[in-house]
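K.L.:
Predicted structure and sequence below. I'll ask about it afterward.
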Amino acid sequence: MPTYDRYVLSKQEKLRYFCICCPLISGISYLFYHSIIFCILLPLLSIPGQRKYEAYLISRQKKELSKQFRDLLYSLSASFSASKQMKEALKESLPVLLLLYGENSLLIKEISQIVRKMEESRDSEESLLSDFAERSADGEIQSFVDVYLICRKSGGNLIQVISKTVEVLIEKLDITREIQKMTAQKRFESMIITAIPLLMLLFLQCSSPDFTAVLYETLAGRLLMTLALLGTVVASCWSRKITEIDF
């Protein structure tokens, strides 16, 4: 089963990444330098950029898992309220998750595997849940499993404690989702702001090529374009950093 704080690109994903990234960088480099050499050399930046892309995919994967886990908690809460045990609660959650996310979703695969191992291999639910929580690298999942294991070992009121824990975690996940919705608009605005200088430069080159020719034919012009390109990149990275909130 996968570890969610890692991501290894498949051959198809690598091919898709380079097929998109290299032409994009090449086009931007030509826009700023009008040089075939730069169009060939600058796309090499996509090689170290692959790690950034993998980090983005890891973040997206963990957000999707967290979203699905919230709906799992709703289902578990209803099952615990009906005095069901964990194994039964997990089994009853599968049709709900299947309806919401489909059979290829991350959590469907995890829960199906856990239920199958408990039924066929007789593995303990404690070890299976602990393994899932460790691989998920998600604080909410780890907190839920820790509370469940403590209740199992201490012999406390499992249904009451787990139900309260589920309520708290659901509230936290809902708050996280609302914050992500609020910052999504700002992220979109930062993308537009980043694109505006590129579009303006493209418009000037198409409408008044003589006006911009000095930027590509003199050393001072090339230095100015380099500063403009660096400023655009820094502003884009800075705005993304501001709108990314870790929970």
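P.N.:
On my side now, so go ahead.
K.L.:
Tell me how far residue 67 lies from residue 192.
P.N.:
In this view, residue 67 and residue 192 are 26 Å apart by CB to CB, to the nearest Å. Where you see a C-beta, it was placed from the backbone N, CA and C, and this is true even at glycine.
K.L.:
These two: which is more packed in?
P.N.:
residue 67 (18 against 9; other CB atoms under 10 Å).
K.L.:
Name the helix or strand for the closest residue to that one other than its chain neighbours, please.
P.N.:
Distance criterion CB to CB, 6 or more residues apart in numbering; nearest residue to residue 67, sequence neighbours excluded, is residue 177 at 7.4 Å. Element membership for residue 177 (DSSP states H and E) is helix 158-207.
K.L.:
tell me, how many neighbours does the residue nearest to residue 67 end up with?
P.N.:
Residue 177 has 14 neighbouring residues, counting by other CB under 10 Å.
K.L.:
Could you check the pLDDT of it?
P.N.:
Model confidence at residue 177, given as pLDDT, is 78.
K.L.:
ok, now residue 20?
P.N.:
The score at residue 20 is 92. That number is its pLDDT.
K.L.:
and the angle for the host helix or strand of it with helix 158-207?
P.N.:
Assigned by DSSP H and E, residue 20 belongs to helix 11-33. Taking axes from the mean of the first three to the mean of the last three CA atoms, to 10 degrees, one finds helix 11-33 and helix 158-207 inclined to each other by 40 degrees.
K.L.:
buried stuff in helix 11-33?
P.N.:
Residues 17, 18, 21, 22, 25, 26, 28, 29, 32, 33 are the ones in helix 11-33 that count as buried (16 or more other CB atoms under 10 Å).
K.L.:
I'd like to know which elements that helix is packed against.
P.N.:
Helices and strands touching helix 11-33, as assessed by 3 or more CB pairs under 8 Å, 6 or more residues apart in numbering; DSSP states H and E, comprise helix 36-41, helix 49-81, helix 158-207, helix 219-243.
K.L.:
what does it contact?
P.N.:
With contact meaning CB atoms under 8 Å, 6 or more residues apart in numbering, helix 11-33 is reached by 9, 35, 38-40, 42-43, 45-46, 49-50, 53, 198, 201-202, 205, 216, 222, 225-226, 228-229.
K.L.:
How far away from the center of its chain is stretch 173-189?
P.N.:
13 Å (CA atoms, centre = their mean, to the nearest Å).
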